[in-house]
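Engineer: what's the 3D shape of this:
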Amino acid sequence: MASLQASLLLFSSPPSSSSSSSSKKAINAAIHGPKLPRLLYSVPKHPRINNMVEELILRDVPLEKKISTTNSSASIVQTQLYAILEAVADREGMHINVGEQRDNWNTLLLSSINMITLTAATMAGIAAIGGVGLPLLALKLSSTLLYSAATGMLLIMNKIQPSQLAEEQRNATRLFKQLRNQIQAMLALRTPTEEDVENVMEKMLALDKAYPLPLLGAMLDKFPATFAPAVWWPRKKNKSNEGKPREGKMEKNGWSEELEVEMKNIIEVVQRKDIEDYVRLGNLVLKINKILAVSGPLLTGIAAIGSAFVGNGSAAAVAAVAAGSLASAVTAFEHGGQVGMVFEMYRNCAGFFHLLEESIEGELEEGDLEKRENGELFEMKVALKLGRSLSQLRELARKSASTQVDEFASKLF
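Structural biologist: Model (predicted):
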């Protein structure tokens with residue numbers, strides 16, 4: 001305030017040579033104010049921060065640009081996963097639609113073939129009773145044509161096995177839905193990486209190969225030489241046993257020696273009981289399906305030949321009517337009982353146990369415990385897949401180690 005009053009007095013007084021220099025000093029003092037003492041302080045140096053700053057300066061990359069680049073790479077990975085998620089959801093819808101279509105094929109073809117076969121058998125019987133002249137010729141010709149049509153339709157139906165195709169699409173729908181849930185959980189719980197994108201792509205392509213949509217050129221063999229479990233997962237590379245040494249009985253990442261022994265015992269039960277049983281049943285159903293697939297067209301073919309000679313003897317009429325009736329029964333048992341679907345169900349169940357076996361072996365082969373999945377979480381997943389509680393799973397492992405187990409590992413199938 002005093003400096004402001006002094007400046008006003010100086011401006012109001014007349015100028016003079018002596019006062020001009022003093023007025024300039026007063027004005028400067030009023031404008032700049034009193035000088036404060038200079039405070040010197042030192043910033044503590046952090047070696048990690050300094051190294052980071054020096055590295056950025058040497059590379060001539062601003063920190064903001066580096067952060068934006070990291071964020072952009074993470075967003076690209078997320079965008080890729082969302083694109084895969086959209087494709088997986090689309091595959092799921094496609095398999096649902098195709099599965100319904102092929103289930104309708106089984107119903108419609110079965111009804112049509114049985115109606116055609118029974119109609120042809122009826123015509124052959126009427127012709128054998130008392131047909132003469134043109135009526136006899138018409139009945140014989142109609143019966144022969146109907147039997148021939150039924151034979152051709154049966155050959156096609158037995159080749160593609162619509163009930164088995166429908167079961168394949170149902171399994172594919174379930175597995176694609178499972179993969180979709182895994183991707184959604186990955187996006188919600190953590191930041192995905194490029195390795196996650198590669199793994200998801202491999203799983204999706206493995207599912208496409210295991211359950212193809214087209215029939216021509218890509219359809220699975222419905223009558224293989226031997227029963228083989230379904231494989232819908234990518235083959236994992238052998239994990240290296242190199243890593244940090246295990247710490248004896250010390251628990252690490254949820255794993256211990258007792259848990260490893262428990263998992264090995266579970267694998268032995270799965271191999272001896274579940275996988276062996278489903279392979280045996282699968283081979284049995286495969287043989288039955290092969291016999292039925294050959295018997296149906298063979299019987300309708302015999303009936304077609306017999307109906308062409310109806311009227312010339314009783315043997316031809318018997319062959320036409322009896323073979324047609326047996327063919328209708330065989331077709332109803334094969335496709336009405338959906339033997340192909342049962343075969344595919346056994347194939348899928350055996351594949352499920354093979355996947356469980358590979359998952360357990362893959363975790364046990366990993367030498368570094370930190371790279372494994374958490375042991376307690378993995379044990380719970382195995383128990384849930386087998387339809388058991390944790391106590392039941394441990395009891396099964398103890399039985400396997402002590403005596404021969406008389407029960408299956410899974411309580412679901």
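
Engineer: for I302, which non-adjacent residue is spatially closest?
Structural biologist: A323 (4.4 Å; Cβ to Cβ, 6 or more residues apart in numbering). Glycine gets a C-beta too; all of them are placed from N, C-alpha and C.

Engineer: how about L85?
Structural biologist: Using Cβ to Cβ, 6+ apart and skipping the chain neighbours, the partner closest in space to L85 is I183 (4.8 Å).

Engineer: quick one, what contacts the one you found?
Structural biologist: Residues in contact with I183 (Cβ atoms under 8 Å, 6 or more residues apart in numbering) are 81, 84-85, 88, 200.

Engineer: may I ask which of the residues you listed has the most neighbours?
Structural biologist: Note: the member of those with the most neighbours is V88, at 23 neighbours, neighbours being other Cβ atoms under 10 Å.

Engineer: give me the pLDDT value at that residue.
Structural biologist: At V88 the predicted local confidence, pLDDT, stands at 95.

Engineer: and the one 3 residues further on, by the same measure?
Structural biologist: Looking at R91, its pLDDT stands at 95.

Engineer: now the one 3 residues further on
Structural biologist: Confidence per residue is given as pLDDT, and for M94 that number is 95.

Engineer: let's verify the closest residue in space to it that isn't next to it in sequence: helix, strand, or coil?
Structural biologist: Closest residue to M94 apart from its sequence neighbours, by Cβ to Cβ, 6+ apart: L213 at 6.4 Å. Using DSSP: H, G, I helix; E, B strand; the rest coil, the three-state assignment for L213 comes out as coil.

Engineer: my guess is L213 contacts N97. True?
Structural biologist: No - using Cβ atoms under 8 Å, L213 makes no contact with N97, being 9.9 Å away.

Engineer: against D208, how distant is A83?
Structural biologist: 16 Å (Cβ to Cβ, to the nearest Å).

Engineer: and the two? Which one has more around it.
Structural biologist: Using other Cβ under 10 Å as the criterion, A83 and D208 rank with D208 on top: 15 against 11.

Engineer: and the more buried one, what does it touch?
Structural biologist: Taking Cβ under 8 Å, 6+ apart as the definition, contacts of D208 comprise R91.

Engineer: now do the biggest helix by length in the chain: distance to the chain's middle.
Structural biologist: Ordering each helix of the chain by length in residues (DSSP state H) puts helix 63-130 first. When distances are taken as Cα atoms, centre = their mean, to the nearest Å, helix 63-130 is centred 15 Å away from the chain's centroid.

Engineer: same thing with stretch 323-339?
Structural biologist: 34 Å.

Engineer: pretty sure S400 sits against V270.
Structural biologist: No - between S400 and V270 there is no contact under Cβ under 8 Å: 9.9 Å.

Engineer: more neighbours: L213 and N97, which one.
Structural biologist: Set side by side, L213 and N97 give different neighbour counts by other Cβ under 10 Å, the larger being at L213 (15 against 12).

Engineer: phi first, then psi, for the more buried one.
Structural biologist: Reported as degrees, to the nearest 10, the phi and psi values for L213 are phi -80, psi -40.

Engineer: and it, what's its pLDDT?
Structural biologist: Among the per-residue scores, L213 holds a pLDDT of 91.

Engineer: how near is it to Y346?
Structural biologist: Between L213 and Y346 the distance is 22 Å, computed by Cβ to Cβ.

Engineer: same deal with S142?
Structural biologist: Here S142 is placed at a distance of 41 Å from Y346 (Cβ to Cβ).

Engineer: before we move on, what about N171?
Structural biologist: As defined by Cβ to Cβ, N171 lies at a distance of 12 Å from Y346.
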